[in-house]
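Undergrad: please find the sequence and the predicted model below.
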4 protein chains.
Amino acid sequence: MDISQFKLEDFVVKDLGRRRVKSPIKLSKKSGDGIFNYIQDGERILYDASINSIEYYEKTGQIPVSFEKAGPKEFIFFEPSKTKVGVVTAGGLCPGLNNVIRGLVMQLWYRYGVRRIIGFKYGYEGMVPEYNHPYVELTPQTVENIHTLGGTILGSSRGKQDVSQIVDTLEILNINILFTIGGDGTLRGAHAIHEEIERRGLKIAVMGVPKTIDNDINFIDKSFGFETAVSIADRVVRDAHNEAKGAYNGIAIVKLMGRDSGFIAANAALTTQEANYVIIPEMYFTIEGLVRNLKQRLQTRHHALIIVGEGAGQYFFKDSEVTRDPSGNIKYKDIGLYLKQKIHEHLEVAGIRHTIKYIDPSYIIRSAPANPSDSKFCNLLAQNAVHAAMAGKTDAVIGHWNQNFTVLPIPATVRERKRINLESELWWNVLETTGQPTQMI
Amino acid sequence: MDISQFKLEDFVVKDLGRRRVKSPIKLSKKSGDGIFNYIQDGERILYDASINSIEYYEKTGQIPVSFEKAGPKEFIFFEPSKTKVGVVTAGGLCPGLNNVIRGLVMQLWYRYGVRRIIGFKYGYEGMVPEYNHPYVELTPQTVENIHTLGGTILGSSRGKQDVSQIVDTLEILNINILFTIGGDGTLRGAHAIHEEIERRGLKIAVMGVPKTIDNDINFIDKSFGFETAVSIADRVVRDAHNEAKGAYNGIAIVKLMGRDSGFIAANAALTTQEANYVIIPEMYFTIEGLVRNLKQRLQTRHHALIIVGEGAGQYFFKDSEVTRDPSGNIKYKDIGLYLKQKIHEHLEVAGIRHTIKYIDPSYIIRSAPANPSDSKFCNLLAQNAVHAAMAGKTDAVIGHWNQNFTVLPIPATVRERKRINLESELWWNVLETTGQPTQMI
Amino acid sequence: MDISQFKLEDFVVKDLGRRRVKSPIKLSKKSGDGIFNYIQDGERILYDASINSIEYYEKTGQIPVSFEKAGPKEFIFFEPSKTKVGVVTAGGLCPGLNNVIRGLVMQLWYRYGVRRIIGFKYGYEGMVPEYNHPYVELTPQTVENIHTLGGTILGSSRGKQDVSQIVDTLEILNINILFTIGGDGTLRGAHAIHEEIERRGLKIAVMGVPKTIDNDINFIDKSFGFETAVSIADRVVRDAHNEAKGAYNGIAIVKLMGRDSGFIAANAALTTQEANYVIIPEMYFTIEGLVRNLKQRLQTRHHALIIVGEGAGQYFFKDSEVTRDPSGNIKYKDIGLYLKQKIHEHLEVAGIRHTIKYIDPSYIIRSAPANPSDSKFCNLLAQNAVHAAMAGKTDAVIGHWNQNFTVLPIPATVRERKRINLESELWWNVLETTGQPTQMI
Amino acid sequence: MDISQFKLEDFVVKDLGRRRVKSPIKLSKKSGDGIFNYIQDGERILYDASINSIEYYEKTGQIPVSFEKAGPKEFIFFEPSKTKVGVVTAGGLCPGLNNVIRGLVMQLWYRYGVRRIIGFKYGYEGMVPEYNHPYVELTPQTVENIHTLGGTILGSSRGKQDVSQIVDTLEILNINILFTIGGDGTLRGAHAIHEEIERRGLKIAVMGVPKTIDNDINFIDKSFGFETAVSIADRVVRDAHNEAKGAYNGIAIVKLMGRDSGFIAANAALTTQEANYVIIPEMYFTIEGLVRNLKQRLQTRHHALIIVGEGAGQYFFKDSEVTRDPSGNIKYKDIGLYLKQKIHEHLEVAGIRHTIKYIDPSYIIRSAPANPSDSKFCNLLAQNAVHAAMAGKTDAVIGHWNQNFTVLPIPATVRERKRINLESELWWNVLETTGQPTQMI
């Protein structure tokens, strides 16, 4: 990502209006009294935590790109006793969805005193009458134990729905705040909903909790579920290593999630230290280049372990027919199966006996419950989402950056995906760990 | 299995000859002295632990089918200081392989004083010169920590090898005992090796440790790795349940190992209590029967979870070409993909919106490390295999039955597979847990 | 245990009377029709599965000691629609309590059609008016997810309560079946309740599900929670091994549960293969004997790992004051702390630098959720308890023996505890694994 | 911590001298070529990532407090083929020690080509002749699988050793770089060793990898092992919750590590969401204040869960005798036992029936293997420690701050401990989660 394409103005979060209601959360306004302070308007976290930021300021006199700090405000926009809230989860499963739902409900109920919270079923479908999905009342009792379960108690779906009907539903149900928990597509949907709300002159906050198991949302250092995903991938890669070593010239290929970004693949290589090749969507490689290197390895070590991100090498398929899922995402061809087939062909031709095992653990990863670290993180994300929404922030998502929770405008976060820079320390660490060459062409 | 096809004589284990060497293991021959007793020849465990055995004896005057009890003997056949041992692992991976290897080495080394133990690499291939696989010296030091690892440090392979060359190798290396850790095919191979040994008039013991993650070896109540397999399958099924519930009319299909026998599938249903359908190789069903029931379920519950054993429904493919793996096993067509496709077609035709997720965790299950229960079990199996082999038992495997370790002749155990009796309590428990009908045709 | 003290008559289970109600569970009475058969009166499982049983019969003409096989009967005693059931959990926590509760409720509700099930809170206290604990309605909905939680949703307590008041409560609430889930003390209580019921001429079934994390109930080969306990202990022992090796002459002492019986200690030694000493209640040892051996070990290996069962070495405290817990159990002095202190003193005197770490994981073990294997086992125990109780069996517990579920009279199971025979294979395996001497005196 | 007590100069890391050796690691010096760049001198990470740093610069014209960025340098100080390295682990166990050792060895060997690496046994003891501990050769082969094990393969010890003898050892063995993996005391020791080295005019780098399971080292946002510790504590707290709920007025007290800082206690409360009270060393409370609140809770909820950091409430013991461990740390009195006793007394006096369970999982936590996230982190810490040491940095430690690895002078990091600010967001989150009052006095 090229940060120079972004300006400070891109990170100004929209407000529904003046905040006149005293928050029911009792905090302090001064340091030294032993009580946490309300977050002041104007508290911001720098994008670049290095002294480059100082240099930038020195040169330009401008505050560098920075993000609004999230947290409880002294005055809020919505009167809790009159506030009605909707929650929706959309897109693919991700560890922590239920933790976020629970965190929203607990925070709204116990900290702000909001008593009317409903969950829409099966993503945006649940907000469109024709699907006829009943909604669900959410109370502390209904969500008490859901954080131990993977999946989402609300169900999910992919695909665009009619924004006008969605806003009709919000109006009819008198919803004041809509929390959307979802990825790129869901956030674009949330932005469209916000625009329709604005067009109608309504005072409804739309607040996103960004969900991306791929960890590919810009300006957010870690998305919920990512660590859990890596920790499960770690085990699978360790097992795959056993498969590779268990056969003469054994090759194990593990496909890990990552449509546009190879963060899970790269991190699983760093946690296990067992992979010999990591192939990610951000890189260009050829089958010939890979196989050339692989042959050398088999000759001396007699086994190899390959991790491949699902979005890698899609250019191999450019002449095939494009298919799309209901969200409009291009359905990716299975690069794992392709690699398995091609490697097999090349080794056959070369007369090299071998065994290839292909492992795709995607569903096992995405439907698992959150690990303790994600459990905490989901809860804090949810709490900060509630603070922001109650304060009247809208068209926004909750982020995390440089040890702080932040509030970001949706448009800035969805402009492009976060991807691994092949010049970065992260990718260099992967190259060092695997020993794979910088180029395989 | 029809036990009436077996006679007591089928369970007489072969001996290499008279046992003249005093065992280095010091035990007792009488009760009451606080020291464990040597196992006497003639100690046997009944196949049928119910009073039917008494009735059978009353009627026929014959000892019912029963198995030799395993354990340390006062006199053994091989002189430890002159004994050389070979170990081989063959067939697919299974949790606990390394534990068995470690158990054999530790027992041979520390309890019997055997100092020359070698491991053949990559299954029977490692015993055939042309493959040129080097063998591995096995000592307490080399195996110390391997029980924490899945896979097999010796590697494995499938496929028959030339028995004559294998026995040549045993002769050339002066091997006295060969431990073969493997499944049905490996045991048949071991039996063939034994016959060649016998033909040549050699005194080499062949002792099998039966490995079948499917738990499908007759006269053995539990094979090593099976419990670990079920415990990992348990987690996968629980996650699949989240996938099913996460979508409107969400259907998750989990394929679990079991070529001929559905034990893993059945047990995973009993541990999780979440599956709605269990489909196993032992049963006959039709797509139409399954879908008819499934439609009803979706109408009221809007999700369904199906567990299918890999060997189920192979009759759907009877007109397709038969392919075989290197062991000569028929390669099974993927019943999971078939079910996914067929269910999808039927629901499409019926105009029922749905989402199907297909999960095949086989490699993740078979390459995992043994859980504590299997860890203990592998060790005891290995120890008893050493006792039996040192005593000169041959053409035999170590089993477990009615709380006791046993020694069984290979031919009796490989005559047919252990399968789930559809009239048994186990299958009835599955029907009760899933609520599926007795017949889906 | 000396089986010769028991007669076949000791294992005849009491009935409330003739079974006149046709079971709502539809099964078969003949083999070969593909449907599981009702369990017939007279089906029994032999205590001794070896051919000794045949020899016994040959000599005496008597059926050897054997147990009633559990399972569904064609005719039952209670009419489901008129049946009211109470459930109580008593004594210490144990993994699987909630699984058993869930299993009882699901089976009663869905298989028998019983709709009135109540749970008493905090053990027998909940059945005595003065404590004023409200009872809990149990339905499939309230128990749906409890199997993922450790502990017991009903709470528990120790201590005897007035039997007369308990039976008054049963009468007032019109309870027909009382399920008591608990250990030795709870079962004795259940027997007393049964006797009072009998004295009053009531038709109330009392059915126990034996709970003993120590696995010390006679005639039951495995009690629920035991495997989970061993698997958690396994991890703790592995960690303790790290502690021992982490310091020069590092000694780690792990105390594991087992008041009268060292089964958890012995099995944790067999699963981990790391312990150097296992000290159990069944054995006699002296500090001097232990330390003498320990000194030798430290000299060469510089670390040692000791597992001690909580009930071991209580004779060291015989002159101290006896204290009892509310159940009347003698409160055991902490043998772990005692060992730590005494070993330290002896090594100090001998001028041997050392570090001792003492680890007591009891609460972590007993409050954990059941592992998959126990989860299945708990469910089957519960289902069989329901079958037996609906059939009018009383003063009984559900057991498991030689691969079968059984029904046993309470008095036979509580006459004495199951303990490790120091001449048994199990203990010999422990000695072999640890390398500790047979005697340390 | 009051950052105003620190100046930029406090964070200047010492160098052994001019770097003249070209690094064997081939990287780039310009952006855009797809290759990671060497870290330049002068790259620094801001302590405060908020725009306060900009404001500070605007007001003072000074660069705010910031830390040197770690990473590979183009020119290094030591010639790899002539470099000899020593590694020592000291203080208490912590998850990840073996991962750090492995990371150091792998990086030195494979990336820099250093072939002579030795490990000192049992902490600084191993560097003092009188203890006579042999040292260990460390090679890729010896460390290959140690990352799956808890503890430290080198062993550890507490206590100061004679600095002069330690430097003698370094001289005699021709060590060029000493890596010390340890906490506050170990780092103070490392600093003293550095001073002696400097006094003698030697060119030996001393590089610390800070180990503190308590996460209490200043200017380091996360120390290795901390996340693993929290994830294990999470499970223990969850189990303790079952213990509390399992008895009428059940109270469970979990003591978690944290001598001066309550980070583990606070985070375990946030991951589990189950604790009702968190008591940490940083706060003042009275037994009366706690019990007053507790009584109210028991009246309505009948159970309570208390997490207490080991260093909390030490003022209760101020009149007792002070004892110290071999490192000179004051041995803390057991606040957990104290709480248990005092709460019991108060509730007895008040006539409130109750049960208290006390759980101290410290050893189980600290001796566990690293989780995947810590595994990755340890490896990167180790790699950066090697980069810094090879570049001739000395008297320094590797840290992590605002998403970057950093190099910090030892004196700055050990001046005081990192503690939880009771006015911080972290502590407020704990108060919100537990519902405990701000003050309990």
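TA: Structure's in. What do you need?
Undergrad: contacting residues for the residue of the stretch 51-200 of chain A found nearest chain D?
TA: Taking Cβ to the nearest Cβ, chain D has its nearest neighbour within the stretch 51-200 of chain A at residue A:51, 4.6 Å off. The C-beta positions use only the backbone N, C-alpha and C, and glycine is treated the same way. Residue A:51 makes contacts with D:43-46, D:63, D:66, as judged by Cβ atoms under 8 Å, 6 or more residues apart in numbering or on different chains.
Undergrad: go with 10 Å
TA: By Cβ atoms under 10 Å, 6 or more residues apart in numbering or on different chains, the contact set of residue A:51 is A:58, D:42-46, D:53, D:57, D:63-64, D:66-67, D:69.
Undergrad: do the same with residue A:170
TA: A:84, A:86, A:127, A:176-178, A:193, A:196-197, A:200, A:202, A:204, A:206.
Undergrad: and the helix or strand residue A:304 falls within, which strands flank it?
TA: Taking DSSP states H and E as the criterion, the element that holds residue A:304 is strand A:303-309. On the basis of DSSP bridges, the sheet neighbours of strand A:303-309 come out as strand A:250-256 (parallel), strand A:277-279 (parallel).
Undergrad: out of these, which one sits most buried?
TA: Most buried of the strands paired with strand A:303-309, by mean neighbour count (mean count of other Cβ atoms under 10 Å in any protein chain shown): strand A:250-256, with a mean of 28.
Undergrad: now it, how far from the chain's geometric center?
TA: Between the mean C-alpha location of strand A:250-256 and the chain-wide mean there is a distance of 24 Å, by Cα atoms, centre = their mean, to the nearest Å.
Undergrad: next structured bit after that strand?
TA: Using DSSP H and E, the helix or strand that follows strand A:250-256 towards the C-terminus is helix A:263-272.
Undergrad: avg pLDDT for that next one?
TA: Per-residue pLDDT over helix A:263-272 has a mean of 97.
Undergrad: residues touching the residue nearest to residue A:99 when sequence neighbours are not counted, list them.
TA: The shortest distance from residue A:99 to any residue other than its chain neighbours is 3.6 Å, reached at residue A:378 (Cβ to Cβ, 6 or more residues apart in numbering or on different chains). Residue A:378 makes contact with A:94-104, A:147, A:181, A:209, A:211, A:224-225, A:228, A:370 under the criterion Cβ under 10 Å, 6+ apart.
Undergrad: please repeat the previous calculation with a cut-off of 7 Å.
TA: By Cβ atoms under 7 Å, 6 or more residues apart in numbering or on different chains, residue A:378 lies in contact with A:96, A:99-100, A:103, A:224, A:370.
Undergrad: now it: how far from residue A:384?
TA: When Cβ to Cβ, to the nearest Å is applied, the distance between residue A:378 and residue A:384 equals 11 Å.
Undergrad: ok, now residue A:203?
TA: 21 Å.
Undergrad: between the two, who's got more neighbours?
TA: Neighbours were tallied for residue A:203 and for residue A:384 using other Cβ atoms under 10 Å in any protein chain shown; the higher tally belongs to residue A:384 (27 against 13).
Undergrad: any idea how far whatever residue of the stretch 251-400 of chain A ends up closest to chain B is from residue A:263?
TA: Here the stretch 251-400 of chain A gets closest to chain B at one residue, residue A:367, 4.0 Å apart by Cβ to the nearest Cβ. Taken as Cβ to Cβ, the spacing of residue A:367 relative to residue A:263 amounts to 19 Å.
Undergrad: likewise for residue A:170?
TA: Going from residue A:170 to residue A:263 by Cβ to Cβ gives 34 Å.
Undergrad: got phi/psi on the residue in the stretch 51-200 of chain A that chain B sits nearest to?
TA: Among all residues of the stretch 51-200 of chain A, residue A:151 sits closest to chain B, at 2.9 Å; criterion: Cβ to the nearest Cβ. The phi and psi torsions at residue A:151 (degrees, to the nearest 10) take the values phi 70, psi -160.
Undergrad: wait, isn't it in contact with residue A:92?
TA: No - here residue A:151 does not reach residue A:92: they are 10.8 Å apart, not a contact under Cβ atoms under 7 Å.
Undergrad: tell me the SS of the residue lying closest to residue A:161 once chain neighbours are set aside?
TA: Excluding its sequence neighbours, the residue lying closest to residue A:161 (Cβ to Cβ, 6+ apart) is residue A:124, at 4.1 Å. Classification of residue A:124 by DSSP: H, G, I helix; E, B strand; the rest coil places it in helix.
Undergrad: give me the neighbour count for residue A:124.
TA: Around residue A:124 there are 28 other residues, counting by other Cβ under 10 Å.
Undergrad: which residues are in contact with the strand holding residue A:304?
TA: A:237, A:240-241, A:244-245, A:249-256, A:258, A:262, A:265, A:268-269, A:274-281, A:294, A:297-298, A:335-336, A:339.
Undergrad: rewinding a little: output the strands paired with strand A:303-309 as CSV; include the columns distance to residue D:352 and mean pLDDT.
TA: Output for the strands paired with strand A:303-309, formatted as CSV (distance: least, Cβ to Cβ, whole Å; pLDDT from 0 to 100):
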stretch, distance to residue D:352, mean pLDDT
strand A:250-256, 54, 98
strand A:277-279, 60, 98
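Undergrad: would you list the ones you listed in TSV and tack on distance to residue B:2?
TA: Conversion of the strands paired with strand A:303-309 to TSV gives the following (distance: least, Cβ to Cβ, whole Å):
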stretch	distance to residue B:2
strand A:250-256	40
strand A:277-279	52
